[in-house]
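Undergrad: Fold the stuff below for me.
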Amino acid sequence: MLRKRIIPIVLLDGYSVLKTIKFTERRNLGSPVTVMKTYNTRNVDELILLDIDASKDNRSIDKFTIQDLATECFMPLTVGGGIRSITDIKDLLSKGADKIAINTIALENPCFINQAAAIFGSQCIVVSVDVIETKDGYSIFSNGQKILGVDLFSWLLEIEKRGAGEILINNVSRDGQMQGGDYKLASSVSKFVSIPVIYAGGINSPQNAALIGRCDVSAVAISSLFHFTDSTPEDCRLAFKEQGIAAR
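TA: Residues are numbered from 1 along each chain as shown. Predicted coordinates for the structure are as follows:
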C-alpha cells in the first residue's frame, strides 16, 4: 500500500504569500522564502506553490521567484499559475520545479495535456481542478466564474485519458474557511479515476486531514491549517497513524 502524502499549499499573488477565502477575500502573509524555510524545518513530503493571479494577469508564475525558492526548498516542488506553453514548463523545470500544475490552459485547450505529458512525462503534469458546491452537486470553477457545459466527472476522465499524472481537486466553496474537508468529493473523485488524486479545501485539524486520508486519495493538501494554527505536517502524520493510515 502506498503511503499517503501531506502537502502544504502556498499561494502567491506574484511575489508575496497570501491566503484566500473562497478565492476572493485575501490575507497577505509575507515572504515566500520565509515560508519555504519554515516548511524545510518541518520535513514536509512535497510543496505546492500556486500563483493565483497569473492567469488573469496574462502571465506565467515568475520563473526567477521559483529559482530563488528552489534554492531554499529541500522537498519536491509542484508549481502552477498562468502556464500556457511548453516553453513555460521548460523554464520552470529548469529553475527547479519538479512538477507542473496546469488549470486554465487545460480547460481552454485539452490537447495541451497530451503535449505536455508526451514531452515531460505524465509524472510531471498535474491538472488542477477547482470546483464549487451547488444544489446539484459540483460545478467547475475557473477565473472567478462557474464553467457552464463542462461536467466535472467527464472532465476528470478526459484529464486521465489525455495523460496527466495526477489531479489536484480543490473545493473552492470551503477554501480558507477551515470548516472541514469534503469527504464526499474526495472519495468520489479518487474512486472515479485511476491516477493519483490530491484533495484540498477546508481541512481544519489533523484529525480532519486523517478523515480525508481514509478515502482513496493519494494526498491531502493543506494551507490555512498550517498558516493560522499551531498544527504541523507532523501532527497530521501522527493523526494518520492513529487512524491506521500509512503516511510518508
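
Undergrad: now the lengthiest strand in the chain, how far from the centre of its chain.
TA: Taking DSSP state E as the criterion, the chain has its longest strand at strand 125-134. Centroid separation between strand 125-134 and its chain, computed with Cα atoms, centre = their mean, to the nearest Å, is 9 Å.

Undergrad: Quick check: residue 36 vs residue 70, distance?
TA: According to Cβ to Cβ, to the nearest Å, residue 36 and residue 70 sit 9 Å apart. C-beta coordinates here come from the backbone N, C-alpha and C atoms, glycine included.

Undergrad: So those two - more neighbours on which side?
TA: Between residue 36 and residue 70, residue 36 has the larger neighbour count (other Cβ atoms under 10 Å), namely 23 against 18.

Undergrad: separation between the more buried one and residue 236?
TA: Distance from residue 36 to residue 236, by Cβ to Cβ: 19 Å.

Undergrad: same deal with residue 191?
TA: On the measure of Cβ to Cβ, residue 191 and residue 236 end up 22 Å apart.

Undergrad: Those two: which has the busier surroundings?
TA: A direct count of neighbours by other Cβ under 10 Å for residue 191 and residue 236 places residue 236 higher, at 27 against 12.

Undergrad: What pLDDT is listed against that one?
TA: Looking at residue 236, its pLDDT is 95.

Undergrad: how about residue 40, what does it touch?
TA: Counting by Cβ atoms under 8 Å, 6 or more residues apart in numbering, residue 40 touches 72, 73, 74, 75.

Undergrad: Please report the distance of the third one from residue 222.
TA: In other words, residue 74. 19 Å.

Undergrad: Please identify the helix or strand for the residue nearest to the spatial centre of the chain.
TA: For the chain, the residue nearest the mean C-alpha position is residue 168 (4.9 Å; Cα atoms, centre = their mean). With secondary structure defined by DSSP states H and E, residue 168 is part of strand 166-171.

Undergrad: What is that strand packed up against?
TA: Applying 3 or more Cβ pairs under 8 Å, 6 or more residues apart in numbering; DSSP states H and E, we find strand 166-171 packed against strand 125-134, helix 152-161, helix 183-192, strand 197-200.

Undergrad: ok, residue 68 - contacts?
TA: residue 33.

Undergrad: Tell me where the chain has strands.
TA: Under DSSP E, the chain gives strands at 5-12, 17-21, 25-30, 47-51, 77-80, 99-102, 125-134, 137-142, 145-146, 166-171, 197-200, 219-222.

Undergrad: Pull the residues that contact the second one.
TA: Residues outside strand 17-21 that contact it (Cβ under 8 Å, 6+ apart) are 10-12, 26-32, 35, 52, 175-177, 223-224, 227-228.

Undergrad: go on, the fourth one?
TA: The set of residues that contact strand 47-51 without belonging to it, under Cβ under 8 Å, 6+ apart, is 7-14, 32, 36, 39, 61-62, 66, 69, 73, 75-82, 101, 128, 168, 198, 221.

Undergrad: what about it, average pLDDT?
TA: 93.

Undergrad: can you check the shortest one too?
TA: Within the predicted structure, the mean pLDDT of strand 145-146 is 79.

Undergrad: coming back round to it: per-residue pLDDT of the residue nearest to the centre of the chain, please?
TA: 98.

Undergrad: For the buried ones among the contacts of strand 47-51, write the corresponding PyMOL selection.
TA: In PyMOL syntax, the buried subset of the contacts of strand 47-51 is picked out as below (16 or more other Cβ atoms under 10 Å):
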select buried, resi 7+8+9+10+11+12+13+32+36+39+61+62+66+69+73+75+77+78+79+80+81+82+101+128+168+198+221
